[in-house]
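Undergrad: 3D, please:
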Amino acid sequence: MACRLSELVLECRDPAALARFWCEVLDYVVLDEDHGALEIGPRSGFGGPQPTIILSPHPDPEPAKPRLHLDVNPTDRDQDAELERLLALGARPADVGQTGDEPWHVLADPEGNEFCLLRRRLDPLPVDAAP
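TA: Numbers count the residues shown, from 1 in each chain. Predicted coordinates:
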C-alpha cells in the first residue's frame, strides 16, 4: 500500500490573511487553529480525498528555503512500520529543530525536500475517488 497526502504546510507571515484568500479560492473553511497556525480544508474536514492546508506563522519566511512541505499519513500500517518503509525507500531523518516529543517524524526525500510522516492512519482512497 502507500501513504496518503493529507496536508500541505505553508509558512507565511499572516496566516489569517492567507486563510481568507485560500478559503475563497478553494471554497474551504477554517477547520482548526493552534498556536497561530490555521488549518483550512473542505467542509467535510481532514481525511477526505482533498488535502487540508496548514498556514504556519513564520516572521520572515526564507526565500531560498522552500516554504511548502508535504504531510503524509500511513494507510495500511502504523506510523512506526511506515517510517521503516519510507527509510528503506531512501527517506532520511531531517532536523528542523524538533524536540523529539512531536507525534510526527520529519524526513527528507532523496533530494533533501522535507516532509512529515504523521501518526494518524487514514483509510486508502477508493479507486473511483482517486484522481
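Undergrad: What about the closest residue in space to Pro57 that isn't next to it in sequence, how many residues nearby?
TA: Distance criterion CB to CB, 6 or more residues apart in numbering; nearest residue to Pro57, sequence neighbours excluded, is Gly36 at 4.3 Å. Quick note: C-beta positions are derived from backbone N, CA and C, even for glycine. As a burial measure, Gly36 scores 11 neighbours (other CB atoms under 10 Å).
Undergrad: do the same with Pro126
TA: 8.
Undergrad: circling back: can you tell me how far the residue nearest to Pro57 sits from Glu11?
TA: Distance of Gly36 to Glu11, computed by CB to CB, to the nearest Å: 12 Å.
Undergrad: Spit out the residues that contact these two alike.
TA: Residues touching both Gly36 and Glu11 comprise Pro57, with contact defined as CB atoms under 8 Å, 6 or more residues apart in numbering.
Undergrad: Spell out the residue ranges of the helices in the chain.
TA: 15-26, 79-89 (DSSP state H).
Undergrad: Among the ones you listed, which comes closest to Ala2?
TA: Closest of those to Ala2 is helix 79-89, at 9.3 Å (criterion: CB to CB).
Undergrad: Give me the residues contacting the closest one.
TA: With CB under 8 Å, 6+ apart as the contact definition, helix 79-89 has outside contacts at 3, 74, 77, 93, 105, 107, 117-119, 121.
Undergrad: Take those residues and, keeping just the buried ones, write it as a PyMOL select command.
TA: In PyMOL syntax, the buried subset of the contacts of helix 79-89 is picked out as below (16 or more other CB atoms under 10 Å):
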select buried, resi 3+74+105+107+117+118
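Undergrad: Select the longest strand from this protein.
TA: As assigned by DSSP state E, the longest strand anywhere in the chain is strand 3-12.
Undergrad: Count the residues that sit near Val25.
TA: Using other CB under 10 Å, Val25 is surrounded by 8 other residues.
Undergrad: okay, Pro63: pLDDT?
TA: Among the per-residue scores, Pro63 shows a pLDDT of 67.
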